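J.: sequence first, then the predicted structure, then my questions.
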Amino acid sequence: MKIKEDGATKWFRFIAYVVVLTGSVLCLLPFLLIISASLTSNEEIVREGYNLIPSSFTLDAYKIVFMFPEDLLRAYGVTTFVTIVGTAIGLLLMTMAGYVLQRKDFKYRNFFSFFIYFTTLFGGGLVPYYMLITNYLKFGNTMNALIWPSLMTPFLIILMRSFIHSAVPDEVVESAKIDGANDFVIYYRVVLPLAVPGLATVGLFLALHYWNDWFHSALFINDTAKYQLQFYLYNIINTSNFLNSIGAGAGVVLSGPVPSESMKMAMAVVVTGPILLLYPFIQRYFVKGLTIGAVKG
Amino acid sequence: MSKTMVHKKKGLLHELNKNKILFLMLLPTLLYFLINNYVPMIGIYYAFVQFDFHSTNMFQMAFIGLKNFEFLWKSGKLIQLTINTIGYNIAFIVLVNGLAISVAVLLSELRGKWFKKITQSILFLPYFVSFVILSVIVFNLFNYDQGVLNTVLEKLGAEPINLYAKPTAWIFLIIIFFLWKNFGYSMVIYLASITGISEEYYEAAKIDGANIFQRSWHITLPMLKNTFVILLLFALGGIMKGQFDLFYQMVGNNGLLFSTTDILDTYVYRSLRVTFDMGMATAAGVYQSIFGFALIMTVNTIIRKINKDYALF
């Protein structure tokens, strides 16, 4: 089916192509930069600086990263565990909450929605929160301190609520009720299957948040064996910057391997890779799952 | 009016009983927010005591009134921190939404399923990058000895620049990298709203002779208002909070850059974890919460007076 395009449409499309393509290039460039630096030898980086296209190609940096993989793999383990457990619990609680908060026959839904939303407006601040986690909940130095703080956010609950509201017609719930199903069965058998795009989208955000979290390790964890992957990387980068500046200043020859520039880049690739692999599976649900309706219900 | 009266007579207990399964399903979430967000509000009291590291009970610590706030005020940083925090947030909100809406409208009118899918994914890609990786990218681009910027400058025969000693440059760098990382996320949300607009509106407009620019301006944009208001609602809630991850990872503890890059969040974090100045940390935290809350309430009241429909709550 060919529709003849008028002049305005041609111009509009032309502008659109230019903007979208420029944006795409700008979004990709930094990724290329890191990948190319990870494939360059360290000497070349020190001598010539970072380049977009490496003039030589080597896998040395990756070999060094995986030479002593125990720490890296342990950090991987911590992050994977926290991501899976946190996302599973968070999704369960947020879908239940979203389902209840959009039910029209649930009288206090607006009050409870505001109870949740209010926490984005006002809070106790970082110090009381720190005290709550370490002194009262006693989560300090445990995985709980990594899972608990990110389980739910008001924004994702509202997102879930709007999605269920638009994806599950009221009549479907009504007829299930007439058939004698109770509210939990309706949620489990009727709502969840219809809400798959919403689940995928909210799940991706939650998983991404857990995967990329370094802050809660920095705040609550002293035991290096429980560091999340991102915080492990953060420490390596900062230690290497620190050692390099000390070593250069004092003329000290450092014993043991100091992480090199190209090795840092290889680490960055290794750390980001797995979560990117998730995207293709989620992508087909993505735009559908992100529809947000009115928050004032 | 009479309808609500009937409901009220039945009361909370009746409602609880009628919908007990629904209540039970919501309960864990309510408890979570109660413990995680409401209980720490009691901890505001920490700002009014002399902090004691040996004690775990704040009510046993010595009450010193507004002393902590006095110190905070005398440090002379409060005004700068407030301006930085609010300034960056306003820039973020305006630029991200402006850019996201424009690109979403443009992208939605493109033909070619694969082209749309692939570019949309690429634009969203930076959202996957952690802030730790972002700091690697920034260092990779701008460090004095090996950064891409200086490598290029040297090849062109120009003098290398040490950006890590230039505070004003970081205002732009922080905003640019915030946009780079986050605009794709908002863009996809707007794109989802556009997908939900009924084709009929566009068909009708076409018959009336509206061209593609007019259709985008008069149909698509107004239909995005609801989505924009919700995103704004959540963004405004955090107007005094700022993007801690972004600032801390890009700037870290580089004191040279604090004049333009220190926000309340980073200041509180350093007081808590680096300088261990609990008085400052608690007072700044409480100032942040209360000032931010007052600000939102004021804005909301003003908007309510002008047009009730646009009020946040």
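T.: That came through, no problem. Residues are numbered from 1 along each chain as shown, chains lettered A, B, ... in the order given.
J.: phi, psi for A:Ser162 please.
T.: Listed backbone geometry of A:Ser162 is phi -60, psi -40, with angles given as degrees, to the nearest 10.
J.: contacts only, for the nearest residue in space to A:Val196 that is not next to it in sequence.
T.: In space, and not counting its chain neighbours, A:Val196 is closest to A:Tyr285: 6.6 Å by C-beta to C-beta, 6 or more residues apart in numbering or on different chains. Where C-beta positions appear, they are placed from N, C-alpha and C, glycine not excepted. Under the criterion of C-beta atoms under 8 Å, 6 or more residues apart in numbering or on different chains, the neighbours of A:Tyr285 are A:Val196, A:Pro197, A:Ala200, A:Thr201.
J.: export the residues you listed to CSV and tack on pLDDT?
T.: Formatted as CSV, the entries for the contacts of A:Tyr285 read as follows, by pLDDT from 0 to 100:
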residue, pLDDT
A:Val196, 87
A:Pro197, 85
A:Ala200, 87
A:Thr201, 85
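J.: quick one: mean pLDDT over the helix or strand that contains the residue nearest to A:Val196.
T.: Under the criterion of DSSP states H and E, A:Tyr285 resides in helix A:261-289. Predicted confidence along helix A:261-289 averages 80 (mean pLDDT).
J.: report the buried residues of it.
T.: Of the residues in helix A:261-289, those buried by neighbour count under the rule 16 or more other C-beta atoms under 10 Å in any protein chain shown are A:261-272, A:275, A:278-279, A:282, A:285-289.
J.: one step back: any idea how far the residue nearest to A:Val196 lies from chain B?
T.: Plainly put, A:Tyr285 is 11 Å away from chain B if you go by C-beta to the nearest C-beta, to the nearest Å.
J.: ok, and the helix or strand in chain B with the lowest average confidence?
T.: Ranked by mean pLDDT, DSSP states H and E, the helix or strand of chain B with the weakest confidence is helix B:2-18, at a mean of 63.
J.: and after that one, which helix or strand comes next?
T.: Next along the chain after helix B:2-18, with elements defined by DSSP H and E, is helix B:20-33.
J.: next one: that following helix to chain centre, how far?
T.: Between the centre of helix B:20-33 and the centre of its chain there are 27 Å (C-alpha atoms, centre = their mean, to the nearest Å).
J.: after that helix comes which helix or strand?
T.: If you walk from helix B:20-33 toward the C-terminus, the next helix or strand you reach (DSSP H and E) is helix B:67-74.
J.: and that next one, what's buried?
T.: Using 16+ other C-beta under 10 Å, the residues of helix B:67-74 that count as buried are B:Lys67, B:Asn68, B:Phe69, B:Leu72.
J.: with stretch B:194-206 instead?
T.: Residues of stretch B:194-206 classed as buried: B:Ile194, B:Tyr202, B:Ala205 (neighbour count, 16+ other C-beta under 10 Å).
J.: show me these that map onto helices.
T.: Assignment to helices by DSSP state H places the following of the buried residues of stretch B:194-206 there: B:Ile194, B:Tyr202, B:Ala205.
J.: picking up where we left off before, out of the contacts of A:Tyr285, which are buried?
T.: By 16+ other C-beta under 10 Å, those give A:Pro197, A:Ala200, A:Thr201 as buried.
J.: for chain B, state which of these is nearest.
T.: Minimum separation from chain B among the buried ones among the contacts of A:Tyr285 (C-beta to the nearest C-beta) is found for A:Thr201, which lies at 9.2 Å.
J.: A:Asp223 contacts A:Met143, correct?
T.: No - between A:Asp223 and A:Met143 there is no contact, the gap being 10.7 Å when judged by C-beta atoms under 8 Å.
J.: more neighbours, these two?
T.: A:Met143 (16 against 10; other C-beta atoms under 10 Å in any protein chain shown).
J.: adding secondary structure and distance to chain B, write the buried ones among the contacts of A:Tyr285 out as TSV.
T.: Compiled in TSV, the buried ones among the contacts of A:Tyr285 are given as follows (DSSP: H, G, I helix; E, B strand; the rest coil; distance: C-beta to the nearest C-beta, whole Å):
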residue	secondary structure	distance to chain B
A:Pro197	helix	10
A:Ala200	helix	13
A:Thr201	helix	9
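J.: just those now: which is nearest B:Ala47?
T.: For B:Ala47, the nearest member of these is A:Thr201. The distance, counting by C-beta to C-beta, is 38.9 Å.
J.: now the closest one: how far from A:Thr95?
T.: From A:Thr201 across to A:Thr95, the span is 12 Å (C-beta to C-beta, to the nearest Å).
J.: report the central residue of chain A.
T.: Nearest residue to the geometric centre of chain A (C-alpha atoms, centre = their mean): A:Leu208, 1.6 Å.
J.: chain neighbours aside, what residue packs nearest to B:Val136?
T.: Nearest non-adjacent residue to B:Val136, counting by C-beta to C-beta, 6+ apart: A:Ala268, 5.0 Å away.
J.: pretty sure the one you found contacts B:Ser130?
T.: No - using C-beta under 8 Å, A:Ala268 makes no contact with B:Ser130, being 9.2 Å away.
J.: correct me if wrong: B:Gln288 contacts B:Met240.
T.: Yes - with contact defined as C-beta under 8 Å, B:Gln288 and B:Met240 form a contacting pair (4.9 Å).
J.: who touches both of the two?
T.: B:Thr85, B:Leu264.
J.: surely A:Tyr187 meets A:Tyr99?
T.: Yes - using C-beta under 8 Å, A:Tyr187 and A:Tyr99 qualify as a contacting pair, with a distance of 5.2 Å.
J.: need the residues touching each of these two.
T.: If you check A:Tyr187 and A:Tyr99 against C-beta under 8 Å, 6+ apart, the residues they both contact are B:Met25.
J.: so if I had to pick from the two, which one is more boxed in?
T.: Under the criterion of other C-beta under 10 Å, the comparison of A:Tyr187 against A:Tyr99 puts A:Tyr99 first, with 28 against 25.
J.: packing partners of the strand or helix carrying B:Phe139?
T.: Assigned by DSSP H and E, B:Phe139 belongs to helix B:131-142. In this structure, helix B:131-142 makes packing contacts with helix A:7-38, helix A:229-250, helix A:261-289, helix B:148-155, helix B:167-195, helix B:244-251, judged by 3 or more C-beta pairs under 8 Å, 6 or more residues apart in numbering or on different chains; DSSP states H and E.
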